[in-house]
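S.K.: based on what follows, work out the 3D shape:
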Amino acid sequence: MITIRKSADRGHFDLGWLDTYHTFSFDRYYDPEYLQFRSLRVINEDRVQPGQGFPTHSHRDMEIITYILAGALEHRDSMSNGSVIRPGDVQRMTAGTGVSHSEYNPSNSEPVHLLQIWILPKVRGLPPGYEQQPFSEDERRGRFRLIASEDGREGSVTIHQDAQVYATLLDAGQKLDHALPENRYAWLQIARGTVSLNGVDLKQGDGAAIETETTLRIVAHDEAEILLFDLA
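M.R.: Predicted coordinates for the structure are as follows:
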């Protein structure tokens, strides 16, 4: 069974400095039908204007993954980490017992376009942690590249949940399959382009909740960038 979450149906706020879409209930946006999907709690698509950003704020008991689509994002946190995240970089922050951070667009001219993802951890009260890894276009081109997992295998960032996050870049006409074992669930998020999933058309910003499907076949109608969440 495939349930489509249309891009236009997401929560949307344009604050001038920030244009943001919420797949699931978040902050001032509440939809009782879209609180989360399995352990996947947040997918926010943000566009932050040059020189703008999120001032220091706090989180706890959440696995936070930041994935950059275009531009750059400067990160600083209470664990003394500081970095600039660019397309291909994946940042993981374990909020655990509590962490504060800020995120800014360091450019004077280019907006930054990103996905911020929250995954509920298996247990509460973990020590805060931070990790960042680059994944080249070649690694993601035409295949599902593992970018986050519970065991950190294949160079993926480590998250404290039975979940696997994959990223892919597809050219027009390319096809890609993913086997979904019994009792596993998936969420497909279209970051860029248009594709079909088992014959169902999806466009940029659309998401799909997937249950009781054993094989996922993705066909790109044009150049596309996709995230796949394989969930317990």
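S.K.: report the central residue of the chain.
M.R.: The structure's the chain has its C-alpha centroid closest to Ile117; by C-alpha atoms, centre = their mean the separation is 4.3 Å.
S.K.: can you name the residues bridging to that one?
M.R.: For Ile117, the beta-bridge partners are Ile43, Ile65 (DSSP bridges).
S.K.: residue contacts, it?
M.R.: By C-beta atoms under 8 Å, 6 or more residues apart in numbering, the contact list for Ile117 reads Leu40, Val42, Ile43, Asn44, Ile64, Ile65, Thr66, Tyr67, Val165, Leu227. C-betas here are computed from N, CA, C, even on glycine.
S.K.: give the closest residue to the fourth one in space, chain neighbours not counted.
M.R.: In space, and not counting its chain neighbours, Asn44 is closest to Gln116: 4.7 Å by C-beta to C-beta, 6 or more residues apart in numbering.
S.K.: what of the last one?
M.R.: With sequence-adjacent residues excluded and distances taken as C-beta to C-beta, 6+ apart, Leu227 is closest to Gln189, at 4.6 Å.
S.K.: from what I can see that neighbour touches Leu69, true?
M.R.: No - using C-beta atoms under 8 Å, Gln189 is not in contact with Leu69, being 11.3 Å away.
S.K.: identify the contacts common to the two.
M.R.: Leu115.
S.K.: those two: who's more crowded?
M.R.: Neighbours per residue (other C-beta atoms under 10 Å) separate Gln189 from Leu69, with Gln189 holding more: 25 against 15.
S.K.: now the element after the helix or strand hosting that one, going C-ward?
M.R.: For Gln189, the enclosing helix or strand under DSSP states H and E is strand 185-192. Per DSSP H and E, the first helix or strand lying C-terminal to strand 185-192 is strand 195-197.
S.K.: mind giving me the packing neighbours of that next one?
M.R.: strand 200-202, strand 215-220 (3 or more C-beta pairs under 8 Å, 6 or more residues apart in numbering; DSSP states H and E).
S.K.: how about the longest one: buried residues?
M.R.: The neighbour-count criterion (16 or more other C-beta atoms under 10 Å) identifies Leu216, Ile218, Val219, Ala220 as the buried residues of strand 215-220.
S.K.: returning to what we had before: what is the nearest of the contacts of Ile117 to Gly155?
M.R.: Val165 (13.0 Å; C-beta to C-beta).
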